[in-house]
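>>> Okay, here's the prediction I keep looking at, along with the sequence it came from:
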There are 2 protein chains.
Amino acid sequence: MATIINLEDRKDQPAKASLAPLMSIVEADLADTNVIILERMHSDVELIPTLARHLIAAGGKRLRPVLTLGAARLCGYEGDRAKKLAACVEFIHTATLLHDDVVDESDLRRGNDTANVLWGNQASVLVGDFLFSRSFQLMVEDGSLKVLSILSNASAVIAEGEVMQLMNVGDTSTTEDSYLQVISSKTAALFAAACQVGAVVANRPKAEEEALESYGRNLGIAFQLVDDALDYSAEQQALGKAIGDDFREGKVTLPLLLAFRRGNEKERAFWRRVVEDGDQQDGDLEKAVEIIKKHHALDDTIERARHYGAMAKDALGIFDENEIKQALKDAVDFSIERAY
Amino acid sequence: MATIINLEDRKDQPAKASLAPLMSIVEADLADTNVIILERMHSDVELIPTLARHLIAAGGKRLRPVLTLGAARLCGYEGDRAKKLAACVEFIHTATLLHDDVVDESDLRRGNDTANVLWGNQASVLVGDFLFSRSFQLMVEDGSLKVLSILSNASAVIAEGEVMQLMNVGDTSTTEDSYLQVISSKTAALFAAACQVGAVVANRPKAEEEALESYGRNLGIAFQLVDDALDYSAEQQALGKAIGDDFREGKVTLPLLLAFRRGNEKERAFWRRVVEDGDQQDGDLEKAVEIIKKHHALDDTIERARHYGAMAKDALGIFDENEIKQALKDAVDFSIERAY
């Protein structure tokens, strides 16, 4: 997307953080990872690669595999294992997306029809299972029981987080703690594991492994907080991106949760109608955005994200200063600044 | 279920094969496996054990874990590893059932409401993912890369088989080869892996491992063939069991496939209407059963099962004769004779 920068304005504000430095460091590794991804999503059962391609080729930033590759580089690793494990992490993520879209009954992802719309829920469930199994095959090929343990634990935690989220749907009494537990499990667990395995393949001491695990976990929480804020963002809407998915699905994310707790009785009655009773009418999303704005719930969601982002950056403190570490810190800032 | 046996009649026919000898050999191990299953399906997210319990406690024969335990015993193994791997095999199976019921939109399993009816498709998908992840955690705890490889490969093959089956739905031109490939993948792969890991934990030579793999695979094919026959069996119906699930879902199983190929133009038009167009009316299932019977398609499906059953029993030829081997052979006969 082209952006026109007004140079006069630019003087007053710091340059925006970018993912570019990290992407450039892992560029060659990521190209190899992409080859592995394409090779390993193959199956003689044609529908499998067709459907997987739809989601995997649609792209996105490949943030999770990039983190595995970046973490491995930070630890001085230059071998091939990280590439395969990065593919494995992307497969787990893709399997989760396929099952999520079935669960959420989503029609669109990144502006494209979701796989469940194009090929049906059944295919999405089963191809998700295939990619999930394939990710385990890749791990087994890597041959490290430690890596297997980290990634299989993450998978179980992700599933627990998704079930927790399902149980909180439509429940306006969801607490911030409970919300945090959901996003820590469903999102941050894979970010954490993706980073930790980078240290494991490099055979680094426990302290570095834990530092990268913590970096990933806090970055994952920050990332999801910003995602949840963007779903109510007027700026997003102005850019032509869809908003309100969480609202329509009755997901009680932090912006809604804060607005509910800070609201008056009339506002709470509104939230109960639209979220608990699922009775949504034209104009309700706009009204929700208005109430959320009134209570500064979006700004404060981003503030929370900043807090976790700061923890993520501090977790890297034990590593020497170098361009890779700086790039990983920039990735944190990028994850937060995309809110603006 | 109590059965009244007419002793006069009994003289003329051989005693029916039974699963009892195998069950009695593995009884103590299976009790331990059941404890592991109950412990390891625990999660602080309450819905997970609740839903898992519904399916796992509902029982069935635990045939797959029993095979792991029996295969290990045949190989002289007396340690604890087989129990945990038996639990792991049951978790994979249960995860598959949960996802199957979503895919098939089933309402009943073993006469009980299915989990998707009671808790929704979403919960079934996600708890299936959890059990699948948990099965991998159990394998990782076992610590054998060989076991991990066998079971993760089986999982990927199962998912491929399920997608293949989905693609064959409503397709009356499905060949017997294609049908066999589906059941080899979706059912027999797990039977094969369940038996093979029994030899692996016992550290037995490759020949014994392969023999048990072959036993399991052929038993699995026979088992599924009989299952598919039972779904059109008037005897089943007379016992008060539901039939016609495959018919309603448009699954082209061997009884239907044979009847279609052996049928006349009028019959083929019938199959095309009910299976391809999915236009089913009252009395169509009865008509389907009648046509299938006319072409001896059920008897011949059972004949095919006998063929694979014979291969399963022959695969055990390299093992010494003893009561465990006999019990495993009885299990094959039992799987086939339950058709009557």
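Looks like it came in fine. Residues are numbered from 1 along each chain as shown, chains lettered A, B, ... in the order given.
>>> ok, residue A:119 - contacts?
Applying Cβ atoms under 8 Å, 6 or more residues apart in numbering or on different chains to residue A:119 gives the contacts A:47, A:50-51. No exception for glycine: its C-beta is placed from N, CA and C like everyone else's.
>>> what's the answer for residue A:294, then?
Residue A:294 neighbours (Cβ under 8 Å, 6+ apart): residue A:259.
>>> any idea which helix or strand carries residue A:173?
Residue A:173 is part of no helix or strand, with elements assigned from DSSP states H and E.
>>> related to what we said a few turns ago, would TSV of the contacts of residue A:119 with distance to residue A:330 and pLDDT be doable?
Listed next are the contacts of residue A:119 as TSV, based on distance: Cβ to Cβ, whole Å; pLDDT from 0 to 100:
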residue	distance to residue A:330	pLDDT
A:47	40	91
A:50	36	90
A:51	34	87
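>>> Show me where the stretch 51-200 of chain A has its strands.
Using DSSP state E, counting those that start in this stretch, the strands found in the stretch 51-200 of chain A span residues A:108-109, A:112-113.
>>> lowest-confidence stretch among those?
Mean pLDDT is lowest for strand A:108-109 out of these, coming in at a mean of 57.
>>> and which of the contacts of residue A:119 is nearest to chain B?
residue A:47 (5.6 Å; Cβ to the nearest Cβ).
>>> residues from the stretch 151-300 of chain A in reach of chain B?
Counting by Cβ under 8 Å from any Cβ of the partner chain, the positions of the stretch 151-300 of chain A adjacent to chain B are A:152-153, A:155-156, A:158-160, A:162-164, A:166-167.
>>> Is it possible to get CSV of these that adds neighbour count?
Output for those, formatted as CSV (neighbours: other Cβ atoms under 10 Å in any protein chain shown):
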residue, neighbour count
A:152, 26
A:153, 16
A:155, 26
A:156, 22
A:158, 26
A:159, 29
A:160, 26
A:162, 25
A:163, 28
A:164, 25
A:166, 21
A:167, 17
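>>> Tell me which of these fall in helices.
A:152-153, A:155-156, A:158-160, A:162-164, A:166-167 (DSSP state H).
>>> shaky segments in the stretch 151-300 of chain A?
Residues of the stretch 151-300 of chain A meeting the criterion pLDDT under 70: none.
>>> how about the helices in it?
Secondary structure of the stretch 151-300 of chain A (DSSP state H, counting those that start in this stretch): helices at A:176-183, A:189-201, A:206-230, A:234-238, A:245-248, A:254-262, A:265-271, A:284-294, A:297-315.
>>> What about the contacts of residue A:119, which are in helices?
Using DSSP H, the contacts of residue A:119 in helices are A:47, A:50-51.
>>> just these that are near chain B?
Counting by Cβ under 8 Å from any Cβ, residue A:47 from those sit close to chain B.
>>> of the ones in helices among the contacts of residue A:119, closest to residue B:244?
residue A:47 (26.5 Å; Cβ to Cβ).
>>> How much space separates the closest one from residue B:164?
8 Å (Cβ to Cβ, to the nearest Å).
>>> cool, residue A:333 as well?
Distance from residue A:333 to residue B:164, by Cβ to Cβ: 47 Å.
>>> Same question for residue A:199.
40 Å.
>>> ranking the contacts of residue A:119 by neighbours, who comes first?
Tallying neighbours with other Cβ atoms under 10 Å in any protein chain shown puts residue A:51 at the head of the contacts of residue A:119, with 25 neighbours.
>>> list the contacts for that residue?
A:98, A:115, A:118-119, A:123-124, A:127.
>>> Make a markdown table out of those and add pLDDT.
Converted to a markdown table, those look like this (pLDDT from 0 to 100):
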| residue | pLDDT |
| --- | --- |
| A:98 | 89 |
| A:115 | 70 |
| A:118 | 71 |
| A:119 | 76 |
| A:123 | 89 |
| A:124 | 89 |
| A:127 | 93 |
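>>> Buried ones only from the residues you listed, please, as a PyMOL command.
Those of those that count as buried under 16 or more other Cβ atoms under 10 Å in any protein chain shown are selected in PyMOL with:
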select buried, chain A and resi 98+115+119+123+124+127
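>>> of the contacts of residue A:51, closest to residue B:238?
residue A:123 (36.8 Å).
>>> mind listing what the closest one touches?
Counting by Cβ under 8 Å, 6+ apart, the residues that residue A:123 touches are A:47, A:51, A:115-116, B:163, B:166.
>>> do residue A:128 as well
Counted by Cβ under 8 Å, 6+ apart, residue A:128 has contacts A:94-96, A:98-99, A:102.
>>> gap between it and residue A:48?
11 Å.
>>> With residue A:32 instead?
22 Å.
>>> What is the neighbour count of the nearest residue to residue A:254 once chain neighbours are set aside?
The shortest distance from residue A:254 to any non-neighbouring residue, by Cβ to Cβ, 6 or more residues apart in numbering or on different chains, is to residue A:301 (4.7 Å). Residues lying near residue A:301 (other Cβ under 10 Å) number 24.
>>> again, but for residue A:39
9.
>>> Give me the three-state assignment for it.
Three-state assignment for residue A:39 (DSSP: H, G, I helix; E, B strand; the rest coil): helix.
>>> Can you give the distance of the longest helix seen in chain A from its chain's centre?
Across chain A, the helix with the greatest residue count (assigned by DSSP H) is helix A:115-142. Distance of helix A:115-142 from its chain centroid, counting by Cα atoms, centre = their mean, to the nearest Å, is 18 Å.
>>> Please apply the same query to stretch A:187-202.
Remark: stretch A:187-202 is offset 14 Å from the chain centroid, using Cα atoms, centre = their mean.
>>> swap in stretch A:296-315?
Counting by Cα atoms, centre = their mean, stretch A:296-315 comes out at 15 Å from the chain centroid.
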